[in-house]
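J.: need coordinates for the following:
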Amino acid sequence: MQAEKAKPTIRKERVIRDPELSRQAHEDNKSFQYDHEAFLGKEDAKTFDQLTPEESRDRLGKIVDRIDGDGDGYITTAELKDWIKRVQKRYVYENVAKVWTDYDLNKDNRISWDEYKQATYGYYLANPEEFQDDKDQFSFKKMLPRDERRFKAADLNGDMAADKEEFTSFLHPEEFDHMKDIVVQETLEDIDKNGDGHVDEDEYIADMFSHEEGGPEPDWVKTEREQFSDFRDLNKDGKMDKDEIRHWIMPQDYDHAQAEARHLVYESDQDKVCLDLFLLFVSIKSFLKYFLCISD
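T.: So this is what the prediction gives:
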C-alpha cells in the first residue's frame, strides 16, 4: 500500500534554456580553458589541446574565416556571439545532418514542404482508411497543419523549400529567435484544453502532472500552483496569455554567449581601441595571439 502512495509522477519541463558554454569555471582573463570550450565546443577543444601551435593556428584561421561573415578581415562582437551560439547548439546541427537524406528525396540539397509532407505523412495521406481510430485521426489532422505553419515560419525566403539552416530551425524552433512566436503558440495549443486562448491554473498543472482521482498532490505540485499565482499570472487575471507564456518558457536569463563574446573581444583587442563595445573590431591576427596565448 505504501508503495502505491509513493508512485512517482513525471514533471514536464517547458522552460527553454541555453546549453552551458563550458563546465570550466570562468575567471575573467584567467579562464583560457573556458574560452576554448565556449569558442570551439567541448569535443573540439579536447582535439585542439593535442595540436602543435602551428596546427592550431592553421585550424583556427579556417574557423575565423567562417566567423567573419562579411569577409572584411575583422571580427565583430555580434559575429563572435553568433558563432558561440552556433557552437552551443552544435548538437542540433548534427542531429539534422543525420536525418537530412531521409527528407531530401530528390537530392537537391533542399527539403521542400512537399518532400517533408511525403516523408512524414505520405502513408497516412495515401491510406486514410487505416487510421480510423479517433485518436490517430485527431493526431494527424492536428499535426499536419501545425507542421506546415512551422515550416512556413522557418522558410525565411518564402520558397517553401528549406536549406539546412531553415530546416534546422524547423526541427528545433526553440533554438532560433525568429521561431519563438511559433514555440509560444504551440505551447499554448498543447496546454489550452478548453480552447479559450489562455492557460489557466488547472491547465498549467495538468501539463506537468497527471492526477490520480482521489489521490493527494505531491508537494512540488502545490509549489507550482503558488508559482502560477505569484510569477506566471503576471496581470493576476487567473490565466496566462501569450506574453505571459513567453515570459515563463523563455526567461530573460543572463546571456552567456553575449558575455563571452564581449570578453573575447576585450582580451583580443591588443590595441585597446576605444569604440562602442558593440562596434569593436578585432583583427584576426590579434585574436589568434590571444587565443593561442602566443606573442610576437
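J.: quick one: buried residues of the one helix or strand Phe140 maps to?
T.: Following DSSP states H and E, the helix or strand that holds Phe140 is helix 134-154. By neighbour count on 16 or more other Cβ atoms under 10 Å, the buried set for helix 134-154 is Asp147, Arg150, Phe151, Ala153, Ala154. Quick note: C-beta positions are derived from backbone N, CA and C, even for glycine.
J.: stretch 238-250 now?
T.: Buried-residue list, stretch 238-250, by 16+ other Cβ under 10 Å: Lys239, Met240, Asp241, Glu244, Ile245, Arg246, His247, Trp248, Ile249, Met250.
J.: ok, now stretch 75-83?
T.: In stretch 75-83, counting by 16+ other Cβ under 10 Å, buried: Ile75, Thr76, Thr77, Glu79, Leu80, Lys81, Trp83.
J.: out of the residues you listed, which sit inside strands?
T.: Mapping those onto strands (DSSP state E) picks out Ile75, Thr76.
J.: what's the lowest-pLDDT member of the buried residues of stretch 75-83?
T.: On pLDDT alone, Ile75 ranks lowest of these, at 74.
J.: how about TSV for the buried residues of stretch 75-83, with distance to Leu60 added?
T.: Output for these, formatted as TSV (distance: Cβ to Cβ, whole Å):
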residue	distance to Leu60
Ile75	12
Thr76	17
Thr77	18
Glu79	15
Leu80	13
Lys81	18
Trp83	12
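J.: so where do the strands sit in the chain?
T.: Assigned by DSSP E, the strands in the chain fall at 74-76, 111-112, 161-162, 199-200, 239-240, 281-283.
J.: closest one to Gln132 out of the buried residues of helix 134-154, please.
T.: Of all the buried residues of helix 134-154, Asp147 has the smallest distance to Gln132: 21.9 Å, by Cβ to Cβ.
J.: to what extent is Ser229 buried, counted in neighbours?
T.: When neighbours are defined as other Cβ atoms under 10 Å, Ser229 has 12 of them.
J.: ok, it touching Glu201?
T.: Yes: in this structure, Ser229 is within contact of Glu201 by Cβ atoms under 8 Å, at 7.3 Å.
J.: domain parsing for this protein?
T.: The record's domain parsing of the chain by automatic domain parsing lists 30-89+255-292, 90-171.
J.: picking that back up, I'd like the strands of the chain as CSV, with distance to Thr52 appended.
T.: Formatted as CSV, the strands of the chain follow (distance: least, Cβ to Cβ, whole Å):
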stretch, distance to Thr52
strand 74-76, 24
strand 111-112, 41
strand 161-162, 40
strand 199-200, 56
strand 239-240, 56
strand 281-283, 23
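J.: which of those strands comes out lowest on mean pLDDT?
T.: The minimum mean pLDDT among the strands of the chain belongs to strand 281-283 (a mean of 43).
J.: list the contacts for the closest residue to Arg150 other than its chain neighbours?
T.: Residue nearest to Arg150 in three dimensions, not counting chain neighbours: Ile182, with 5.4 Å by Cβ to Cβ, 6 or more residues apart in numbering. Ile182 is in contact with Arg149, Arg150, Ala153, Pro173, counting by Cβ atoms under 8 Å, 6 or more residues apart in numbering.
J.: kindly report the same for Arg66.
T.: Per Cβ under 8 Å, 6+ apart, neighbours of Arg66: Trp83.
J.: tell me where the stretch 151-296 of the chain is predicted with low confidence.
T.: Counting by pLDDT under 70, the stretch 151-296 of the chain contains low-confidence ranges at 211-214, 253-256, 260-261, 263-296.
J.: quick revisit: any idea how far Asp114 is from the residue nearest to Arg150?
T.: 20 Å (Cβ to Cβ, to the nearest Å).
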